[in-house]
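Colleague: give me a 3D structure for the following:
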Amino acid sequence: MKDELRALASLAGPFPPFDADAVPDDPRDLFSDWLRDAIAAGIREPHAMVLSTVDGNGAPDARLLILKNLDARGWHFATSGNGPKGRQIALNPYVALTFYWPALGRQVRLRGTAFEAGEPERLADFRSRSASARAAALAGRQSEPLSSRSDLHAAIDEQVRRIHAEPDLVAPNWHLFIAMPHEVEFWQGAEDRLHHRLLYRREKAGWRRESLWP
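Modeller: Below is the predicted model of the structure:
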């Protein structure tokens, strides 16, 4: 396996140039620019991100989610409150988000705290999901042991019937979270491995930024 891995190309480029002196004061603006670049480049699921949390024993956990929105409050994501993600955030609101767009050689890492959005936003987010996604959330058994696929299909079919009967139905355990970061790091890869790293840190007066060694 080692030889197979070493034979794989990495950071082959070409990548976009990066000027750390020509970036906006707010990391949300730079993130928005990079996300739009990823969309324009045709990267599949450019809004996919890794959410990292910590469980009750202090052990890290990570999984892929979809970014739902970005506004002045932070980065939005949704999940079931009775699944591992929701339970871990309830115990410890500190989270990390990671975005990676390999075709552009770009990565963004955020560290901060997650808090719940308001009730109207929570309801609207759930109702905007597909019927199958809502049915899965209404089944309410995320990450529990599954005895058979037939049990899964039966549970989903039952919830789809409920949704058809009650189109405005919302899972009571559905949560919409907003991650408000205290640090946001932008990483622009370079073919010569002299990568660019730009770190934004939140301070009382606003955001302070500094370049880091690769």
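Colleague: from now on I want contacts and neighbour counts done on CA atoms only, so please keep to that.
Modeller: Will do.
Colleague: show me the longest helix that occurs in the chain.
Modeller: The longest helix of the chain (DSSP state H) is helix 149-165.
Colleague: name the residues that touch that one?
Modeller: Helix 149-165 has contacts (Cα atoms under 8 Å, 6 or more residues apart in numbering) with 131-132, 135-136, 138-139, 146, 169.
Colleague: for it, the distance to its chain's centre please.
Modeller: From the chain centre to the centre of helix 149-165 is a distance of 27 Å (Cα atoms, centre = their mean, to the nearest Å).
Colleague: repeat for stretch 128-138
Modeller: 19 Å.
Colleague: what's the answer for stretch 65-82, then?
Modeller: The chain centre lies 7 Å from the centre of stretch 65-82; the measure is Cα atoms, centre = their mean.
Colleague: pull up the pairing partners for the longest strand belonging to the chain, direction included.
Modeller: Using DSSP state E, we find that the single longest strand of the chain is strand 174-188. Its sheet considered, strand 174-188 pairs with strand 74-80 (antiparallel), strand 106-116 (antiparallel), strand 196-203 (antiparallel) by DSSP bridges.
Colleague: for the spatially most central residue of the chain, give the beta-bridge partners.
Modeller: Geometric centre of the chain, nearest residue: residue 49, 3.5 Å, by Cα atoms, centre = their mean. When assigned by DSSP bridges, residue 49 has beta-bridge partners residue 65.
Colleague: quick check: it touching residue 98?
Modeller: Yes. Counting by Cα atoms under 8 Å, residue 98 is a contact partner of residue 49 at 5.5 Å.
Colleague: with adjacent residues omitted, what lies nearest to residue 74?
Modeller: Excluding the flanking residues, the one nearest residue 74 by Cα to Cα, 6 or more residues apart in numbering is residue 180, at 4.7 Å.
Colleague: the one you found touches residue 76, doesn't it?
Modeller: No. Residue 180 is beyond contact range of residue 76, at 9.0 Å (criterion: Cα under 8 Å).
Colleague: give me the common contacts of these two.
Modeller: Common contacts of residue 180 and residue 76 (Cα under 8 Å, 6+ apart): none found.
Colleague: what are the buried residues along the longest helix of the chain?
Modeller: The neighbour-count check on helix 149-165 (16 or more other Cα atoms under 10 Å) flags 155-157, 159-160, 163 as buried.
Colleague: okay, that helix in PDB with CA atoms only?
Modeller: What follows is helix 149-165, C-alpha atoms only, in PDB (Å, rounded to 0.1, in the frame of the first residue of the first chain):
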ATOM      1  CA  ARG A 149     -32.600  -2.900   5.300                       C
ATOM      2  CA  SER A 150     -36.300  -3.900   5.200                       C
ATOM      3  CA  ASP A 151     -36.800  -2.200   8.600                       C
ATOM      4  CA  LEU A 152     -35.200   1.000   7.200                       C
ATOM      5  CA  HIS A 153     -37.400   1.000   4.100                       C
ATOM      6  CA  ALA A 154     -40.600   0.300   6.200                       C
ATOM      7  CA  ALA A 155     -39.700   3.200   8.600                       C
ATOM      8  CA  ILE A 156     -39.100   5.600   5.700                       C
ATOM      9  CA  ASP A 157     -42.200   4.700   3.900                       C
ATOM     10  CA  GLU A 158     -44.200   5.300   7.000                       C
ATOM     11  CA  GLN A 159     -42.800   8.700   7.500                       C
ATOM     12  CA  VAL A 160     -43.300   9.600   3.800                       C
ATOM     13  CA  ARG A 161     -47.000   8.800   4.300                       C
ATOM     14  CA  ARG A 162     -47.000  11.200   7.300                       C
ATOM     15  CA  ILE A 163     -45.400  13.900   5.200                       C
ATOM     16  CA  HIS A 164     -48.000  13.600   2.500                       C
ATOM     17  CA  ALA A 165     -50.800  13.800   5.100                       C
END
